[in-house]
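In: okay, here's the prediction I keep looking at, along with the sequence it came from:
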Amino acid sequence: MKFGGTSMAGTERIRRVANIVRRQQAAGHEVAVVVSAMAGETDRLVGFCREANALYDPAEYDVVVASGEQVTSGLLALTLQAMGCKARSWLGWQLPIRTDDAHAKARIEEIDSEALIASMASGEIAVIPGFQGMAPSGRVTTLGRGGSDTSAVAVAAAVKADRCDIYTDVDGVYTTDPRIVAKARKLPLVTYEEMLELASVGSKVLQTRSVSLAMKEGVRVQVLSSFIDESAPPADDLPGTMIVSDEELEGSDMERQLITGIAADKNEAKVTLTRVPDRPGAVASIFSPLAEANINVDMIIQNVAKGKGETDVTFTAPKADLVRTLAILEDRKDKIGYYRMISDDKVAKISVVGVGMRSHAGVASTMFKTLADRGINIQAISTSEIKVSVLIDEDETELAVRVLHTAYGMDAAA
Ligand code: ADP
Ligand code: ASP
Ligand code: MG
């Protein structure tokens, strides 16, 4: 069972969580619980790091931000004990949850599950702070924002759990963010592949890595609400959204829609380099240093420039890495040989996702026409087998998602 930040925000809500956990144990399960920091806490801690040192050392950043989950894991164990349950917390370094040494975005390599399994077998509820692990050096690491989802899936895989229930503040995965589009519909089933694509293009309901890990390890994941009372159906009845394999979905009687979901991502910025020499190696000279600096470039466009033998190169990268990106390319201006560098962080990426796209033409053209009808300009496009993404002005995000949701016939009946 994993509980997100909103579910853990304050002792009153933690008591509600403890009740859900207790109920699950009473239904005959052994349970491990992974918790997030209280809502807003990680942001607050990140803010302190920035104030202390704008170019902060990621290893010390991890020391600071991992503390949020330490607090909530102890509080949940205390609350469960107050209810008469046996419970204890297991910090990342105590299990340990072994990660690589990429501080602030570490990857889990291995979890020692022995102590955990023994603890659960003895009737104790194991409470594990999400988001944190231990580097080979023994120092604390964190898994990147939203990383508690990945902690939960990794723990589930390590103890060979029957299921990993991700409790959050919505009751499942919807066709699009239900907080933005009131007509979004809840999906009873989503395939790993679709969820992976949705998460990677901005549906933050699950961290992308948690989905790839679940897919790789075959972990059964359910997304469901923690804002429920005693009368709500138990988690074993699968009231939320199940993430399933393609075969499982085909075996179900759920009707296949062309598009599964729409996501928006405001976390990317656009960079254009004008008049780059049009010769082999020019593009590599732009993107190799960015890759070396661990900056994930997403959409890339190369246009013919006005001048002969020159080209304009536009790409997107995470907003959080924009300052570093610009500094790296400024440094190499002469080597790359571009004329001007222009950046824009007021952009949003809108993506439509669905495995139905594989067998149906016209998904992209519907998207372009729908946006054009509303006068929304497209600045860049990228596609994969089951996704089309466009880059637009950030101010038009909500409008774009709403009109596309209607255009693909996804609106819930009023
Ligand atoms: P937690 O703190 O529990 O990890 P998050 O805020 O990370 O919760 O994720 C839940 C949020 O994800 C929801 O409140 C919702 O606004 C957002 N969200 C974005 N896209 C979707 C979607 N397709 N379906 C459901 N929720 C979504
Ligand atoms: N508390 C961390 C964050 O806000 C991890 C998580 O909640 O998943 O990113
Ligand atoms: Mg989350």
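Out: That came through, no problem. Residues are numbered from 1 along each chain as shown. Ligands and ions are numbered 1, 2, ... in the order given.

In: surely residue 3 touches residue 18?
Out: No: taking contacts as C-beta atoms under 8 Å, residue 3 lies outside contact range of residue 18: 9.9 Å. The way it works is simple: take the backbone N, C-alpha and C, and place the C-beta from them, glycine included.

In: and those two? Which one has more around it.
Out: Neighbour totals were compared for residue 3 and residue 18, and residue 3 leads with 29 against 26 (other C-beta atoms under 10 Å).

In: gap between that one and residue 130?
Out: Between residue 3 and residue 130 the distance is 9 Å, computed by C-beta to C-beta, to the nearest Å.

In: mind listing the shared neighbours of residue 3 and residue 18?
Out: residue 76 (C-beta atoms under 8 Å, 6 or more residues apart in numbering).

In: just checking, residue 343 is part of a strand?
Out: Yes: under DSSP: H, G, I helix; E, B strand; the rest coil, residue 343 falls within a strand.

In: relative to residue 213, how far out is the residue of the stretch 101-250 of the chain found nearest ligand 2?
Out: Among all residues of the stretch 101-250 of the chain, residue 148 sits closest to ligand 2, at 3.2 Å; criterion: C-beta to the nearest ligand atom. As judged by C-beta to C-beta, residue 148 and residue 213 stand 13 Å apart.

In: the more surrounded of those two?
Out: Between residue 148 and residue 213, counting by other C-beta under 10 Å, residue 148 is the more crowded of the two (31 against 23).

In: surely the more buried one is in contact with residue 130?
Out: Yes: taking contacts as C-beta under 8 Å, residue 148 lies within contact range of residue 130: 2.6 Å.

In: what pLDDT does the residue lying closest to residue 364 once chain neighbours are set aside get?
Out: Spatial nearest neighbour of residue 364, chain neighbours left out: residue 388 (4.7 Å); criterion: C-beta to C-beta, 6 or more residues apart in numbering. In this prediction, residue 388 carries a pLDDT score of 96.

In: what is the neighbour count of residue 388?
Out: Residues lying near residue 388 (other C-beta under 10 Å) number 22.

In: and the one 4 residues further on, by the same measure?
Out: Number of residues near residue 392 (other C-beta under 10 Å) recorded here: 20.

In: helix or strand for it, which one?
Out: Residue 392 belongs to strand 387-393 when assigned by DSSP states H and E.

In: quick one: contacts of that strand?
Out: Contacts of strand 387-393 with the rest of the structure, by C-beta under 8 Å, 6+ apart, involve 197, 201, 268, 270, 299, 316, 346-353, 357, 363-364, 367-368, 371, 376-383, 400.

In: how far is it from where the chain is centred?
Out: Distance, stretch centre to chain centre, for strand 387-393: 18 Å (C-alpha atoms, centre = their mean, to the nearest Å).

In: and if you look at stretch 44-63?
Out: Worked out by C-alpha atoms, centre = their mean, stretch 44-63 lies 21 Å from the chain centre.

In: buried residues in stretch 120-128?
Out: Within stretch 120-128, the residues that count as buried by 16 or more other C-beta atoms under 10 Å are 120, 124-128.

In: quote the end-to-end distance of that stretch.
Out: Taking C-alpha to C-alpha, to the nearest Å, stretch 120-128 runs 12 Å from one end to the other.

In: now swap in stretch 391-399 and tell me
Out: Using C-alpha to C-alpha, the two ends of stretch 391-399 sit 14 Å apart.

In: now swap in stretch 383-398 and tell me
Out: 21 Å.

In: likewise for stretch 1-17?
Out: Span of stretch 1-17 from end to end, C-alpha to C-alpha: 10 Å.

In: contacts for it, please.
Out: Here stretch 1-17 makes contact (C-beta under 8 Å, 6+ apart) with 20-21, 24, 31-42, 72, 75-76, 79, 130, 148-149, 151-152, 164-169, 226-227, 235.

In: not counting sequence-adjacent ones, nearest residue to residue 410?
Out: residue 175 (4.7 Å).

In: surely the one you found touches residue 188?
Out: No: contact between residue 175 and residue 188 fails when scored by C-beta under 8 Å: they sit 11.8 Å apart.

In: so the residue lying farthest from the centre of the chain is in which element?
Out: Here the centre of the chain is the reference, and by C-alpha atoms, centre = their mean the most remote residue is residue 308, at 42.6 Å. Following DSSP H and E, one finds residue 308 outside all helices and strands.

In: distance check, it against ligand 1.
Out: Residue 308 is 46 Å from ligand 1, where distance means C-beta to the nearest ligand atom, to the nearest Å.

In: next, give phi and psi for that residue.
Out: In terms of degrees, to the nearest 10, the main-chain angles of residue 308 are phi -70, psi 140.

In: the stretch 1-150 of the chain: helices as residue ranges?
Out: Remark: helices assigned in the stretch 1-150 of the chain by DSSP state H, counting those that start in this stretch are 11-26, 41-52, 58-65, 67-82, 114-121, 148-158.

In: export the ones you listed to a markdown table and tack on mean pLDDT?
Out: Formatted as a markdown table, the helices of the stretch 1-150 of the chain follow (pLDDT from 0 to 100):
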| stretch | mean pLDDT |
| --- | --- |
| helix 11-26 | 97 |
| helix 41-52 | 96 |
| helix 58-65 | 97 |
| helix 67-82 | 98 |
| helix 114-121 | 95 |
| helix 148-158 | 98 |
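
In: narrow the contacts of stretch 1-17 to those that are buried.
Out: Buried, going by 16+ other C-beta under 10 Å: 20-21, 24, 31-39, 41-42, 72, 75-76, 79, 130, 148-149, 151-152, 164-168, 226, 235, out of the contacts of stretch 1-17.

In: before we move on, back to that, buried members of the contacts of strand 387-393 into PyMOL, please.
Out: Applying 16+ other C-beta under 10 Å to the contacts of strand 387-393, the buried members can be selected in PyMOL as follows:
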select buried, resi 197+201+268+270+299+316+347+348+349+350+351+352+353+357+363+367+371+376+379+380+382+400
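
In: narrow the contacts of strand 387-393 to those in strands?
Out: 268, 270, 316, 347-353, 380-383 (DSSP state E).

In: biggest separation within these, which pair?
Out: 270 and 353 (21.5 Å; C-beta to C-beta).

In: show me the contact partners of stretch 278-291.
Out: So stretch 278-291 is contacted by 273, 276, 297, 300, 302, 305, 309-311, 313, 315, 317, 325, 328-329, 332, 335-337 (C-beta under 8 Å, 6+ apart).
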